[in-house]
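[1] the following comprises the amino acid sequence and a computationally predicted model.
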Amino acid sequence: MMKSDTIAAVATAMSDSGIGIIRISGDEAIQIADRIYRSKSGKKRLVNVESHTVHYGFIYDKDELIDEVMVVVMKAPNTYTREDTVEIDCHGGILVMTKILETVIKNGCRMAQPGEFTKRAFLNGRIDLSKAEAVMDLIHSKNEFALKSSVKQLKGSVSDQVKFLRDEILYEIAFIESALDDPEHISLDGYREKLEEKTLSVKADLKKLVDSADNGKLLKDGINTVIVGKPNVGKSSLLNLLVGEERAIVTSVAGTTRDTLEESIKLNGVGLNIIDTAGIRDTSDEVERIGVEKARNYANNADLIIYVVDASRKLDENDEEIIKLIASKKVIVLLNKTDLTQVVDEDEFMTLVSENKDLRIIKTSTKENVGIDAFENAIKEMFFGGEIAVNDEIYITNGRHKEALMEAYTSMDFVLGSLADDMPEDFYSIDLMNAYASLGRIIGEEVGDDLVNEIFSKFCMGK
């Protein structure tokens, strides 16, 4: 167990609420809490109570009563940090929480750094690094998928798979090293074929994890979506329909939207971070021109572009410019205003965008709420193969994990190359060790202090 000073922080949000929690962890946690706690009878000492018990009483700063509280006492090693831990449940006012924290610090604690409680849980061996990162992902979950995925990772879905692959690789490293050290008793005859089979199997597992990363990130963080089109084609009406309220001003005057509007919504479990942009057209209006330039920039960086077309009006040079802009992007074209007489049909439009193989065309009417179901299904098909499987699939949602997996995959590829070139066995061992080390970075087995500090600095205070 890591020996260290005792830390404290407010573990709940610093806002007026029913309950606030001040968390204390470290060798002196119970003794420090005992100095400021008084039971109703005045006789109970926290240093004498059993572990994992709750006690009613009061917090005092010397002779000044601060608050009526419940105090939870948890003794090492069966705690979140594997250190003695005390949680003071007080009333949730900002002032009362601040005063209790100040009193705790005056009596021997220091202020915890962001993420330091979880960092201690990692350093004390209670959780590995991937589980620690899942804690913060759980706190910041934006949708049901992100929540379920974070819980699965916290329970070990990623770390268990990584440990399994490391064990598979380590066995081969140990066998090669043993055979090289003791060739009289351990033969390498026929081993290359066995190693090739094992390497292909590990590579397939790594590829599945790497391939899950892009969809995992989109499901966790949402699909960055930009609505583009000429002025007055129904972009703002679409945004209002998806959001479920009048977020954007809708008028018959072209150019009403001059700046971007941003909203996050959820469609059947899929998060969309939507940006409604100014209508793209040539304009002499300086403000509108800036909005149009913003629209182009957002479209270049989007995961998905929704191109809204007024199907009751002929296409023009502005549509030609937009079509060039979206040529290499994932695009859903909405032929809107189908409640009016159509002059643009699907076949005509498909001819214009035939070079884009990642495009769907859907007929819609935002006025009559037509085509939205087809729009939602198109998103699932384009990004998730038509189905979102949350329960059984392991999704990689962390960029650091993806990078380490890709490095491990490359190292295993080098093993296959060495096998094909009939290289000596110690070449296999080098690349297998690199793959083993890359996977170790995911769970914290092969990371330095600087990376650990950087990861936990992004945590919220009190966690």
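    Noted; the coordinates are in hand.
[2] okay, and for this structure, where does confidence drop off?
    Residue ranges of the chain with pLDDT under 70: 1-3, 244-260, 268-269, 278-292, 354-356, 385-392.
[3] just the strands in this protein please.
    Here the chain has its strands, by DSSP state E, at 7-10, 19-25, 37-39, 53-61, 64-74, 85-91, 110-111, 223-228, 261-267, 270-276, 304-310, 331-336, 359-363.
[4] between those strands, which one is closest to residue 132.
    For the strands of the chain, the distance to residue 132 is smallest for strand 19-25, at 15.0 Å, taking C-beta to C-beta. Where you see a C-beta, it was placed from the backbone N, CA and C, and this is true even at glycine.
[5] about what we covered before: a markdown table please, covering the strands of the chain and showing mean neighbour count.
    Output for the strands of the chain, formatted as a markdown table (neighbours: other C-beta atoms under 10 Å):
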| stretch | mean neighbour count |
| --- | --- |
| strand 7-10 | 24 |
| strand 19-25 | 23 |
| strand 37-39 | 17 |
| strand 53-61 | 15 |
| strand 64-74 | 18 |
| strand 85-91 | 23 |
| strand 110-111 | 14 |
| strand 223-228 | 24 |
| strand 261-267 | 15 |
| strand 270-276 | 22 |
| strand 304-310 | 24 |
| strand 331-336 | 25 |
| strand 359-363 | 18 |
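[6] would you turn these into CSV with distance to residue 398?
    Output for the strands of the chain, formatted as CSV (distance: least, C-beta to C-beta, whole Å):
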stretch, distance to residue 398
strand 7-10, 25
strand 19-25, 25
strand 37-39, 40
strand 53-61, 36
strand 64-74, 29
strand 85-91, 27
strand 110-111, 28
strand 223-228, 18
strand 261-267, 20
strand 270-276, 17
strand 304-310, 22
strand 331-336, 28
strand 359-363, 30
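[7] and residue 141, which of those strands is closest to it?
    Closest among those, using C-beta to C-beta: strand 270-276, at 10.5 Å.
[8] C-alpha coordinates for the closest one, CSV please?
    Provided in CSV are the C-alpha atoms of strand 270-276 (Å, rounded to 0.1, in the frame of the first residue of the first chain):
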residue,chain,number,x,y,z
VAL,A,270,-27.5,7.7,-30.9
GLY,A,271,-26.2,11.1,-29.9
LEU,A,272,-25.9,13.9,-32.4
ASN,A,273,-24.0,17.1,-31.8
ILE,A,274,-25.8,19.2,-34.3
ILE,A,275,-24.7,22.5,-35.8
ASP,A,276,-27.2,24.5,-37.8
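[9] from the middle of its chain, how far away would that strand be?
    Strand 270-276 has its C-alpha centroid displaced from the chain centroid by 16 Å (C-alpha atoms, centre = their mean, to the nearest Å).
[10] could you give the angle of it to strand 223-228?
    Relative orientation of strand 270-276 versus strand 223-228 (axes from the mean of the first three to the mean of the last three C-alpha atoms, to 10 degrees): 30 degrees.
[11] can you list the helices and strands that strand 270-276 packs against?
    The contact analysis (3 or more C-beta pairs under 8 Å, 6 or more residues apart in numbering; DSSP states H and E) places strand 270-276 against helix 191-221, strand 223-228, helix 235-243, strand 261-267, helix 372-384.
[12] residue 319: which of the ones you listed is closest?
    strand 223-228 (10.5 Å).
[13] that closest one - which strands sit beside it in the sheet, and in what orientation?
    Strand 223-228 pairs in its sheet with strand 270-276 (parallel), strand 304-310 (parallel), by DSSP bridges.
[14] returning to what we had before: ranking the helices and strands packed on strand 270-276 by burial, who's on top?
    Ranked by mean neighbour count under mean count of other C-beta atoms under 10 Å, the helices and strands packed on strand 270-276 are led by strand 223-228, which reaches a mean of 24.
[15] quick revisit: of all the strands of the chain, which one is nearest residue 143?
    That would be strand 270-276 among the strands of the chain, by C-beta to C-beta, at 4.7 Å.
[16] who does residue 225 form a beta bridge with?
    Note on residue 225: beta-bridge partners residue 274, residue 304, judged by DSSP bridges.
[17] which residues sit in contact with residue 203?
    Residues counted as contacts of residue 203 (C-beta atoms under 8 Å, 6 or more residues apart in numbering) are 409, 412-413, 416.
[18] returning to that earlier point: mind putting the helices and strands packed on strand 270-276 in TSV, distance to residue 90 included?
    Shown next, in TSV, are those (distance: least, C-beta to C-beta, whole Å):
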stretch	distance to residue 90
helix 191-221	34
strand 223-228	41
helix 235-243	39
strand 261-267	34
helix 372-384	45
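[19] looking at these, which is closest to residue 395?
    Nearest to residue 395 among the helices and strands packed on strand 270-276 is helix 191-221; the distance by C-beta to C-beta comes to 3.3 Å.
[20] distance check, the closest residue in space to residue 106 that isn't next to it in sequence against residue 177.
    Distances taken as C-beta to C-beta, 6 or more residues apart in numbering put residue 61 closest to residue 106, at 7.5 Å, once the chain neighbours are dropped. Applying C-beta to C-beta, to the nearest Å, the value for residue 61 to residue 177 is 62 Å.
[21] quick one, which of the helices and strands packed on strand 270-276 is nearest to residue 462?
    So among these, helix 191-221 is nearest, using C-beta to C-beta, at 23.1 Å.
[22] okay, the angle between the closest one and strand 261-267?
    Here the directions of helix 191-221 and strand 261-267 differ by 120 degrees (the same axes, to 10 degrees).
[23] thought residue 209 was touching residue 396?
    Yes. In terms of C-beta atoms under 8 Å, residue 209 counts as a neighbour of residue 396; the distance is 5.4 Å.
[24] joint contacts of these two?
    Common neighbours of residue 209 and residue 396, counting by C-beta under 8 Å, 6+ apart, are residue 405.
[25] thinking again about what came up before, list the residues that contact the residue nearest to residue 106.
    By C-beta under 8 Å, 6+ apart, the neighbours of residue 61 are 36, 99, 102-103, 106.
[26] ok, back up a step: pull out the buried members of the contacts of residue 203.
    409, 412, 416 (16 or more other C-beta atoms under 10 Å).
[27] re earlier: can I get the strands paired with strand 223-228 in CSV including distance to residue 66?
    Below are these laid out as CSV (distance: least, C-beta to C-beta, whole Å):
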stretch, distance to residue 66
strand 270-276, 42
strand 304-310, 53
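[28] of all those strands, which one is nearest residue 405?
    strand 270-276 (23.6 Å).
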